[in-house]
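K.L.:
here is my input, please return the structure:
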Amino acid sequence: MVRAKRIVKKPRAKKQREYDSDDPEAYRNEAIPDKKSSKYVEDKIDEFHNEKISKLLAQGIQEDSDQEDEDKAEEIMPLALSDSDDDEEVQQEDNEEEEETDMESDLEGKRDDDLPNDMAWGTKKKIFYDSDYIVKKGKSIEDIDAEDKEEEEEAKKIQTRLAANLSEEDYDLNLLEEFAAEAEAEEEDEKEERIVKDLKTMSQKEKLKLLKKESPELLELIQDFKAKLTELRDEVQPLVEMVKNGRIPPGKGAKYLITKQQLYLNYCTNISFYLVLKAKRIPAHNHPVIERLLTYRNLINELGAVDARLAPQLRQLLSGEQQDRTLKKSASSKHIKVSEKARLEEAEESESDEEANLRFYNAMAERQKLKRKKNEMQNEDSLVEEEKMEGDAKRGITYQMSKNKGLTPKRKKIDRNPRVKHREKFRRAQVRRKGQVREVRREETRYSGEWSGIRAGVKRSVKLK
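P.N.:
Reported below is the predicted structural model:
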């Protein structure tokens with residue numbers, strides 16, 4: 001009999017799963033490198049580039065580049081290959097050249113890294129946490145001075161570099177305007193903090209001195225105001241009335257008089273408004289009324305030439321107006337005299353009636369006086385009776401009452417009301433404090449001595465805690 005062959009099952013090979021290079025599962029079985037070694041940070045690509053750089057450094061970059069140029073120039077065994085092979089070789093050579101140029105740039109960057117940088121301030125953080133007042137051990141004063149000079153020179157270099165980087169836009173005037181606005185706001189706050197002087201406590205001379213100091217133009221404006229009002233009343237207004245009545249014919253002269261009247265009235269109203277501002281102590285230096293007053297004054301000064309030319313004609317008109325007024329006054333006085341005579345005659349006729357009326361009024365007054373006297377007498381009698389009743393109604397306490405009252409303790413009147421008691425206590429404490437601590441007085445006037453005498457034995461100092 002032939003034995004059957006024993007079939008041995010081979011174990012199936014486990015499928016190896018392929019992982020991506022970025023997947024951490026691909027590096028599970030690999031040993032963890034040391035943190036201090038370069039393998040902890042670098043991968044295979046970095047190792048390849050580092051090896052290539054070290055070889056190039058050992059051989060010399062320039063020699064290699066010369067040899068490569070010679071190899072490219074001399075062809076030892078030229079072969080006739082297909083066009084595709086030539087293209088592949090050209091692409092490989094181009095890629096190798098690009099890699100070499102990249103390597104050379106990296107090497108040049110590393111060489112430049114070894115040189116000191118002007119912009120570098122140090123790599124250690126401890127340098128920036130130090131004070132100039134702490135003297136380090138093992139350093140002389142000369143070394144410290146030399147370091148300070150080096151720091152100063154470095155700071156100057158930085159300043160010059162920053163100034164060179166500035167452009168025209170950096171020199172904008174908006175910043176200066178903002179600083180100016182802040183300065184003006186601070187000045188206004190300081191002006192508001194000034195002590196306001198009390199005019200009631202000042203004398204007449206001090207008031208005039210303060211007025212001339214704060215607003216010297218006020219007195220001139222008041223004099224001008226009075227002069228313009230008198231001119232309006234005595235000269236301009238009568239002429240304007242003559243224009244309205246038709247005595248002065250319409251034309252340039254009439255228009256001139258009306259414009260002069262309006263100009264004077266506007267000027268006087270603006271002066272009165274300025275005086276109101278001054279009475280309320282409102283600052284009027286930058287107020288628009290000042291500009292308006294200047295414009296009106298300039299216009300009045302321009303009218304001076306026309307006034308000088310028309311002065312004789314205006315005087316004639318005014319003199320004629322005055323004569324008419326005197327005639328009217330005389331006529332009115334005559335009329336008054338005639339009316340007075342008629343009134344006297346009527347008074348004589350009505351004297352008899354007035355005497356009868358006076359007698360009647362006197363009789364009525366006497367009757368009223370008698371009535372008042374009777375009422376006063378009755379009131380006095382009632383008061384006397386009330387006093388008698390009050391004296392009889394009040395009765396004194398008995399002996400037992402006074403005995404019982406004597407047992408009660410004697411109490412002050414102020415102890416009856418706690419509120420009044422505490423108020424009196426507070427008042428006395430205030431009086432005592434005035435002797436201990438002086439009240440702060442504002443300097444409204446100059447220092448004129450103490451209000452009360454200075455006691456040499458009293459100590460008002462405060463202990464320092």
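
K.L.:
drop to CA atoms for contacts and neighbour counts, all remaining ones
P.N.:
OK.

K.L.:
shaky segments in the stretch 1-150 of the chain?
P.N.:
1-22, 27, 32-41, 60-138 (pLDDT under 70).

K.L.:
again, 50 this time
P.N.:
Scanning the stretch 1-150 of the chain for pLDDT under 50 picks out the ranges 1, 73-83.

K.L.:
list the contacts of residue 315.
P.N.:
Listed by C-alpha atoms under 8 Å, 6 or more residues apart in numbering, the contact set of residue 315 is empty.

K.L.:
now residue 235
P.N.:
Contact partners of residue 235, counting by C-alpha under 8 Å, 6+ apart, are residue 318.

K.L.:
can you check residue 236 too?
P.N.:
By C-alpha under 8 Å, 6+ apart, the residues touching residue 236 are 257, 260-261.

K.L.:
per-residue pLDDT of it, please?
P.N.:
Listed pLDDT for residue 236 reads 84.

K.L.:
picking up where we left off before, save the contacts of residue 236 as JSON lines, and put in secondary structure too.
P.N.:
Converted to JSON lines, the contacts of residue 236 look like this (DSSP: H, G, I helix; E, B strand; the rest coil):
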{"residue": "257", "secondary structure": "helix"}
{"residue": "260", "secondary structure": "helix"}
{"residue": "261", "secondary structure": "helix"}
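
K.L.:
filter those to the buried ones?
P.N.:
Buried by 16 or more other C-alpha atoms under 10 Å: 257, 260-261, out of the contacts of residue 236.

K.L.:
from the residues you listed, which single one is nearest residue 160?
P.N.:
residue 260 (67.8 Å; C-alpha to C-alpha).

K.L.:
ok, now how distant is that closest one from residue 312?
P.N.:
Residue 260 sits 17 Å away from residue 312, going by C-alpha to C-alpha, to the nearest Å.

K.L.:
so what's the residue count around residue 237?
P.N.:
When counting by other C-alpha atoms under 10 Å, one arrives at 16 neighbours for residue 237.

K.L.:
where in the stretch 201-350 of the chain is pLDDT low?
P.N.:
In the stretch 201-350 of the chain, no residues with pLDDT under 50.

K.L.:
what about residue 259, which SS state?
P.N.:
Assignment for residue 259 (three-state DSSP): helix.

K.L.:
so who does it touch?
P.N.:
Per C-alpha under 8 Å, 6+ apart, neighbours of residue 259: none.

K.L.:
any idea how far residue 157 is from it?
P.N.:
In terms of C-alpha to C-alpha, residue 259 sits 72 Å off from residue 157.

K.L.:
export only the CA atoms of the helix or strand containing residue 227, formatted as CSV.
P.N.:
Element membership for residue 227, per DSSP states H and E: helix 217-231. Provided in CSV are the C-alpha atoms of helix 217-231 (Å, rounded to 0.1, in the frame of the first residue of the first chain):
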residue,chain,number,x,y,z
GLU,A,217,-10.6,149.0,24.8
LEU,A,218,-13.7,149.2,27.0
LEU,A,219,-13.3,152.8,28.2
GLU,A,220,-12.8,154.1,24.6
LEU,A,221,-15.8,152.2,23.4
ILE,A,222,-18.0,153.7,26.2
GLN,A,223,-16.8,157.2,25.2
ASP,A,224,-17.5,156.5,21.5
PHE,A,225,-20.9,155.1,22.5
LYS,A,226,-21.9,158.3,24.3
ALA,A,227,-20.6,160.5,21.4
LYS,A,228,-22.5,158.6,18.8
LEU,A,229,-25.7,158.7,20.8
THR,A,230,-25.5,162.5,21.2
GLU,A,231,-24.8,162.9,17.5
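
K.L.:
now do it: which elements does it pack against?
P.N.:
helix 252-279 (3 or more C-alpha pairs under 8 Å, 6 or more residues apart in numbering; DSSP states H and E).

K.L.:
on that earlier part again, turn the buried ones among the contacts of residue 236 into TSV, including distance to residue 299.
P.N.:
Listed next are the buried ones among the contacts of residue 236 as TSV, based on distance: C-alpha to C-alpha, whole Å:
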residue	distance to residue 299
257	14
260	10
261	12
